[in-house]
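# sequence plus predicted model, see below.
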Amino acid sequence: MAIQWETVIGLEIHAQLSTKSKIFSGASTAYGAEPNTQACAVDLGLPGTLPVLNQQAVRYAVKFGLAIGAHIAPYSIFSRKNYFYPDLPKGYQISQFDKPIVGLGEIDIDVDGQVKTIGVTRAHLEEDAGKSLHEDFHGKTGVDLNRAGTPLLEIVSEPDMRSAADAVAYVKKLHSLVQYLGVCDGNMQEGSFRCDVNISMRPMGQEEFGTRAEIKNLNSFRFIEKAIAHEVERQVDILESGGKIVQETRLYDSDKDETRSMRSKEEANDYRYFPDPDLLPVVISEQLLNEMRDELPELPGAKKQRFKEQYDLSEYDAELLTAQRELADYYEVAVSYAAGEAKLIANWVMGELSAGLNQHNLDIANSPVNAEQLGGLIKNIADQTISGKIAKVVFEKLWNSEATADEIIEQDGLKQISDTGALEKIIDQLMLDNEDQVAQFRAGKTKVLGFFVGSIMKQTQGKANPQQVNQLLQKKLKD
């Protein structure tokens, strides 16, 4: 009988904290600077320099811990994690080992309608390493140390995930949370939010974990899903052919859609951790905890529930609209400009607006149509100043203009024709010109109504009020 395998997944997420300076120095953390222009003497560990802890990084870590209901350690220490790599200038990384600042917490995820709770083992502060550059150096490797010393919060999960879908849902939930909290910008393309995936396989029903492989530095949800799928298949093939999994660190190659070995995986004792003698212990006071609790914003779960209740949105709509804090804020501003049209605005945000942003590869923060403009457009639909069809024309003009919907409608003469007298005059003439179709309708061929509606809309360039046209036509054709 074939063995049924169970996948066991644990994640380590590195969230770059949104501080202006590095975790132990005053060097800038701004992205995109020329190589090696933002690495100061402290970052390089030059003789005579001492690290000084960035208080804001500590506050951000505490804020995150409170948001996931975690234990905040009143006393934590920094350690030196010793290893030798070209982009690690000091020969060690300052991190936290046995006494992290954030302890046990949890995150709820929703996968196919099933809510699962994923344990968070810990979240600890550490400094980032530099970056090795392998392109454009003609067989050599360059090193950019701008990232060295950048503050990271490493969030380590329990091995509670059993599928790629679980893992992606968990990463998305954390990605949303750190952005809501304002502790990380979540920019995966720039490396501000990246993930290491630990995967092992075991026979279904077995409690003991199998040997794991770690896939490093995944920076997109799609890559996480594809890397897990490939690694699961690789490990099952090895196990079913009688082989053994080697504990190692692997790299996902998105071009070839495969993982490949980088190096053997070290254990904690290989890093020879010891307390950093240059840094004092971190003591978290009750006062700081209270300050951080007061600074917590409305979190995604609470906002989603409020959207469902306050705006009468479906679970699906509320989930999409609250996935990003900026999108949720955009939506609420738009609603404030068109009170009572929450559902219609949701449809436009998730429809026309999202399609436009995707087409131009933009995020909501850079939307050419701001929330006030969209709210004004929806207001004009709701009060029947324009039809839904004309609204799409106005939307296209808003995309390339700073004008309001009212201004565009007025300038381009796009107001809907709702004058009963004017519409009746058009209908009467149309009926005189098309007596055969009138006779067909009165003989029971009601589909011919579409001919009349289409003719009127064409004649009025789409400006006639469709609802009013239908009502007047039905009345006149039956007379």
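Structure's in. What do you need?
# for the closest residue to residue 342 other than its chain neighbours, give me its contacts.
In this structure, residue 342 finds its nearest non-sequential neighbour in residue 311, 3.7 Å apart by Cβ to Cβ, 6 or more residues apart in numbering. Just so you know, the C-beta spots here come from the backbone N, C-alpha and C atoms, and that holds for glycine as well. By Cβ atoms under 8 Å, 6 or more residues apart in numbering, the contact set of residue 311 is 318, 335, 342, 343, 346.
# OK, contacts around residue 350?
Contacts of residue 350 by Cβ under 8 Å, 6+ apart are 317, 320, 321.
# return the distance of the last one relative to residue 170.
Which is residue 321. Distance, residue 321 to residue 170, by Cβ to Cβ, to the nearest Å: 21 Å.
# neighbour count winner among those two?
Relative neighbour count places residue 170 above the other of residue 321 and residue 170, with 26 against 23, counting by other Cβ atoms under 10 Å.
# touching, that one and residue 161? I think so.
Yes. Using Cβ atoms under 8 Å, residue 170 is in contact with residue 161, at 6.2 Å.
# what do the two both touch?
Common neighbours of residue 170 and residue 161, counting by Cβ under 8 Å, 6+ apart, are 11, 118.
# where does the stretch 201-350 of the chain dip in pLDDT?
Scanning the stretch 201-350 of the chain for pLDDT under 70 picks out 264-268.
# hmm, try it at 80
Across the stretch 201-350 of the chain, the ranges flagged by pLDDT under 80 are 262-270.
# show me where it has its helices.
221-240, 286-295, 300-310, 315-321, 325-337, 342-348 (DSSP state H, counting those that start in this stretch).
# just the residues contacting the first one, thanks.
Applying Cβ under 8 Å, 6+ apart, the contact partners of helix 221-240 are 3, 5, 7, 9, 163-165, 167-168, 171-172, 195, 197, 199-201, 210, 213, 215, 218, 244-245, 250, 252, 254, 257-259.
# rerun at 6 Å
Residues outside helix 221-240 that contact it (Cβ atoms under 6 Å, 6 or more residues apart in numbering) are 5, 7, 164, 167-168, 195, 199, 201, 215, 218, 245, 252, 254, 258-259.
# also the third one?
Contacts to helix 300-310, defined as Cβ under 6 Å, 6+ apart, come from residues 176, 180, 313, 318, 322, 328.
# pull out the buried positions in that helix.
Across helix 300-310, burial judged by 16 or more other Cβ atoms under 10 Å covers 300, 303, 304, 306, 307, 308.
# the first one too?
Neighbour-count burial for helix 221-240, with 16+ other Cβ under 10 Å as criterion, is recorded at 221, 223-228, 230-232, 234-235, 239.
# just to revisit the earlier point, how about JSON lines for the buried residues of helix 300-310, with distance to residue 403 added?
Formatted as JSON lines, these follow (distance: Cβ to Cβ, whole Å):
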{"residue": "300", "distance to residue 403": "34"}
{"residue": "303", "distance to residue 403": "31"}
{"residue": "304", "distance to residue 403": "34"}
{"residue": "306", "distance to residue 403": "33"}
{"residue": "307", "distance to residue 403": "30"}
{"residue": "308", "distance to residue 403": "34"}
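# for residue 389, state which of these is nearest.
Among the buried residues of helix 300-310, residue 307 lies closest to residue 389 (Cβ to Cβ), at 28.3 Å.
# which one of the contacts of residue 350 is nearest to residue 63?
residue 321 (23.5 Å).
# contacting residues around the closest one?
With Cβ under 6 Å, 6+ apart, residue 321 has these contacts: 328, 331.
# what's the longest strand along the chain packed up against?
Determined from DSSP state E, the single longest strand within the chain is strand 114-127. With contacts taken as 3 or more Cβ pairs under 6 Å, 6 or more residues apart in numbering; DSSP states H and E, strand 114-127 sits against strand 105-111, strand 151-157.
# who's in contact with whichever helix or strand comes after that strand?
Per DSSP states H and E, the first helix or strand lying C-terminal to strand 114-127 is strand 131-133. Under the criterion Cβ under 6 Å, 6+ apart, residues 86, 87, 141, 142, 143, 144, 147 lie in contact with strand 131-133.
# who does strand 131-133 pair with, and is each partner parallel or antiparallel?
Strands that pair with strand 131-133, judged by DSSP bridges, come out as strand 142-144 (antiparallel).
# for the partner strand, what does the pLDDT average out to?
Throughout strand 142-144, pLDDT has a mean value of 90.
# and that strand, which residues are buried?
143, 144.
# give me the contact list for it.
With Cβ under 6 Å, 6+ apart, strand 142-144 has contacts from 35, 36, 86, 87, 130, 131, 132, 133.
# swap in 10 Å and give it another go.
33-39, 85-89, 129-136 (Cβ atoms under 10 Å, 6 or more residues apart in numbering).
# now the helices: where do they sit in the stretch 51-200 of the chain?
55-67, 164-181.
# reformat those as a markdown table; add distance to residue 191 and mean pLDDT.
Formatted as a markdown table, those follow (distance: least, Cβ to Cβ, whole Å; pLDDT from 0 to 100):
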| stretch | distance to residue 191 | mean pLDDT |
| --- | --- | --- |
| helix 55-67 | 17 | 96 |
| helix 164-181 | 14 | 95 |
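# any idea how far residue 401 is from residue 412?
11 Å.
# pull up the overlap in contacts between these two.
Joint contacts of residue 401 and residue 412 (Cβ under 10 Å, 6+ apart) are residue 394.
# between those two, which is the more surrounded one?
Neighbours were counted for residue 401 and for residue 412 using other Cβ under 10 Å; residue 401 has more, 16 against 12.
# so what's the more buried one closest to, chain neighbours aside?
Distance criterion Cβ to Cβ, 6+ apart; nearest residue to residue 401, sequence neighbours excluded, is residue 408 at 6.9 Å.
# so who does that neighbour touch?
373, 376-377, 380, 386, 393-398, 401, 414.
# wait, doesn't residue 182 sit right on residue 326?
No. Assessed by Cβ atoms under 10 Å, residue 182 is found out of contact with residue 326, at 11.1 Å.
# quickly find the element holding the closest residue to residue 352 other than its chain neighbours.
Leaving out its chain neighbours, the residue that sits closest to residue 352 by Cβ to Cβ, 6+ apart is residue 395, at 5.6 Å. Assigned by DSSP H and E, residue 395 falls within helix 388-399.
# how far away is residue 199 from residue 169?
16 Å.
# do the same with residue 86
In terms of Cβ to Cβ, residue 86 sits 36 Å off from residue 169.
# quick one: which of these two has more around it?
residue 169 (21 against 13).
# quick check: chain neighbours aside, which residue is closest to that one?
That would be residue 109: by Cβ to Cβ, 6+ apart, it lies 4.1 Å from residue 169.
# pretty sure that neighbour contacts residue 171?
Yes. Contact status for residue 109 versus residue 171: in contact at 9.5 Å, counting by Cβ under 10 Å.
# identify the contacts common to these two.
residue 161.
# more neighbours: which of those two?
residue 171 (25 against 21).
# contacting residues for the more buried one?
The contact partners of residue 171, by Cβ under 10 Å, 6+ apart, come to 11, 13, 109, 157, 161, 188, 193-195, 197, 218, 220-221, 224-225.
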